[in-house]
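K.L.:
no sequence on this one, just coordinates:
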Ligand SMILES: [Zn+2]
């Protein structure tokens, strides 16, 4: 057990195979001292999210170009009702 605390849940951190880990979060914890380091540390996470978002959009576009998405779902305005 180390004196460092998890920034998320404030549990004491453990060093496992040279890596700081929070047992409660079950996540590796990266120690940062400056904001720029926070950015560097979180960059892979942001890139992964971005990649997922782009992949989702590309998937939709690919389906659209193949005409697999029905035209109904493309209509944005509902039909006016006739009383
Ligand atoms: Zn934690």
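P.N.:
Done, it's in. What you are looking at is a predicted structure, and each value in this text was computed from that prediction instead of being measured.
K.L.:
Just the element for the residue nearest to the spatial centre of the chain, please.
P.N.:
The geometric centre of the chain, computed from its C-alpha atoms, lies nearest to residue 49 (C-alpha atoms, centre = their mean), at 4.0 Å. Mapping residue 49 onto the secondary structure by DSSP states H and E places it in helix 35-65.
K.L.:
can you give me how far that helix is from the chain middle?
P.N.:
How far helix 35-65 lies from its chain's middle: 8 Å, per C-alpha atoms, centre = their mean, to the nearest Å.
K.L.:
show me what contacts residue 30?
P.N.:
Shown here is residue 30, whose contacts under the criterion C-beta atoms under 8 Å, 6 or more residues apart in numbering are 20, 41. Every C-beta, even on glycine, is put in place using the N, C-alpha and C of the backbone.
K.L.:
So for the helix holding residue 49, mean pLDDT?
P.N.:
Across helix 35-65, pLDDT averages out at 86.
K.L.:
Tell me the buried residues in it?
P.N.:
For helix 35-65, the neighbour count (16 or more other C-beta atoms under 10 Å) marks no residue as buried.
K.L.:
likewise stretch 10-24?
P.N.:
Of the residues in stretch 10-24, those scored as buried under the neighbour-count criterion (16+ other C-beta under 10 Å) are 13, 20, 21, 22.
K.L.:
For burial, what's the neighbour tally of the closest residue to the last one other than its chain neighbours?
P.N.:
Just to be clear, that refers to residue 22. The spatial neighbour of residue 22 that comes closest, neighbours along the chain excluded (C-beta to C-beta, 6 or more residues apart in numbering), is residue 6 at 3.9 Å. When neighbours are defined as other C-beta atoms under 10 Å, residue 6 has 18 of them.
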